[in-house]
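A.B. asks: take this sequence and fold it.
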Amino acid sequence: MDILTLAGLVIAFGGIIGGMIIEGGHIGSLINGPAFVIVFGGTFGAVLIQLPMDVFKRALGRTKWAFMPPTVAMQETIEKIVGWSNIARKEGLLKLEDHIQQEPDPFASKALQLLVDGKEPEEIRHILEMDLTIHEESELQAITFFDALGGYAPTIGIIGAVLGLIHVMGNLADPSKLGGGIAAAFVATIYGLVLANVFALPMGNKIKAAIKRKGRLCELIIEGVIAIAHGENPRNIESRLQGFIQH
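C.D. replies: Now for the predicted structure:
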């Protein structure tokens, strides 16, 4: 569980609502059904128009990463690669075939398979880097969902405010309704800004950071496997790979 995401949401909403209360406002003034329907319905509708189905499904699947990011075990992976290197030096590359089926990470499993198959180091690098690039680009497409939410929400909020003001203008003959009507109209703007700047954009950036960390782990695997293919000393491999943690 990512405590910072939960803490950020609590602090953000607490600051907004707390500041309003300190100024003498009340929470009830922020509750407006029509504004909610306009902003959230209009924003999600616009996002659905923009995105293809596969990107939309991927985005929904990656939403949990903002709260429970995937584990990126850099040190454990380094130790695993050093172990592979020791096996390769003592027993030969073919002995690593026993570890391919046991490897839970598909990327690492493919890297091992290429190594066991006797591919040249540069060919291994080319294949794995291409896989990494394609996979990372595919994952980053999910971020377009959150970028779209953050882009459309404030504008839809303004639309909601304008629609509310149009309703208010229709009641000019009854001054008692003007104040409450204008206040309700601007609630839509608040909904749009909060949806964009407290939820969509920060969560999108948090998920993007998780994707980049996974990509960094794949880069570590590539460098480690290439070093094994070159027959480098396991101690040298470990020293080089530690740089992925230190930087």
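A.B. asks: how much space between Ala111 and Ala210?
C.D. replies: In this view, Ala111 and Ala210 are 21 Å apart by C-beta to C-beta, to the nearest Å. Where you see a C-beta, it was placed from the backbone N, CA and C, and this is true even at glycine.
A.B. asks: which one's more surrounded, these two?
C.D. replies: Ala111 (27 against 19; other C-beta atoms under 10 Å).
A.B. asks: what pLDDT does the residue nearest the centre of the chain get?
C.D. replies: The centroid of the chain falls nearest to Ile207 when counting by C-alpha atoms, centre = their mean (1.4 Å). In this model, Ile207 is scored at 95, pLDDT.
A.B. asks: again, but for Ser176
C.D. replies: If you check Ser176, the pLDDT there is 65.
A.B. asks: check which helix or strand covers the nearest residue to Ala88 once chain neighbours are set aside.
C.D. replies: If the residues on either side of it in the chain are set aside, Ala88 comes closest to Ile228, at 5.3 Å by C-beta to C-beta, 6 or more residues apart in numbering. Assigned by DSSP states H and E, Ile228 falls within helix 201-229.
A.B. asks: what helices or strands is that helix leaning on?
C.D. replies: Applying 3 or more C-beta pairs under 8 Å, 6 or more residues apart in numbering; DSSP states H and E, one finds that helix 201-229 contacts helix 3-22, helix 74-91, helix 106-116, helix 121-140, helix 143-169, helix 234-241, helix 243-246.
A.B. asks: could you dump the fourth one to PDB, C-alpha only?
C.D. replies: Extracted in PDB, the C-alpha atoms of helix 121-140 (Å, rounded to 0.1, in the frame of the first residue of the first chain):
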ATOM      1  CA  PRO A 121      25.100 -10.400 -26.800                       C
ATOM      2  CA  GLU A 122      24.200  -7.600 -29.200                       C
ATOM      3  CA  GLU A 123      21.300  -9.700 -30.600                       C
ATOM      4  CA  ILE A 124      20.100 -10.300 -27.100                       C
ATOM      5  CA  ARG A 125      20.300  -6.600 -26.300                       C
ATOM      6  CA  HIS A 126      18.400  -5.700 -29.500                       C
ATOM      7  CA  ILE A 127      15.600  -8.200 -28.800                       C
ATOM      8  CA  LEU A 128      15.100  -7.300 -25.200                       C
ATOM      9  CA  GLU A 129      15.400  -3.500 -25.700                       C
ATOM     10  CA  MET A 130      12.700  -3.700 -28.400                       C
ATOM     11  CA  ASP A 131      10.500  -5.700 -26.100                       C
ATOM     12  CA  LEU A 132      11.000  -3.200 -23.300                       C
ATOM     13  CA  THR A 133      10.200  -0.300 -25.600                       C
ATOM     14  CA  ILE A 134       7.000  -1.800 -26.900                       C
ATOM     15  CA  HIS A 135       5.900  -2.900 -23.500                       C
ATOM     16  CA  GLU A 136       6.600   0.400 -21.900                       C
ATOM     17  CA  GLU A 137       4.900   2.400 -24.600                       C
ATOM     18  CA  SER A 138       1.900   0.100 -24.300                       C
ATOM     19  CA  GLU A 139       1.800   0.700 -20.500                       C
ATOM     20  CA  LEU A 140       2.200   4.400 -20.800                       C
END
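A.B. asks: buried residues of that helix, list them for me.
C.D. replies: By 16 or more other C-beta atoms under 10 Å, the buried positions in helix 121-140 come out as Pro121, Ile124, Arg125, Leu128, Asp131, Leu132, His135, Glu139, Leu140.
A.B. asks: packing partners of that helix?
C.D. replies: With contacts taken as 3+ C-beta pairs under 8 Å, 6+ apart, helix 121-140 sits against helix 53-62, helix 106-116, helix 201-229.
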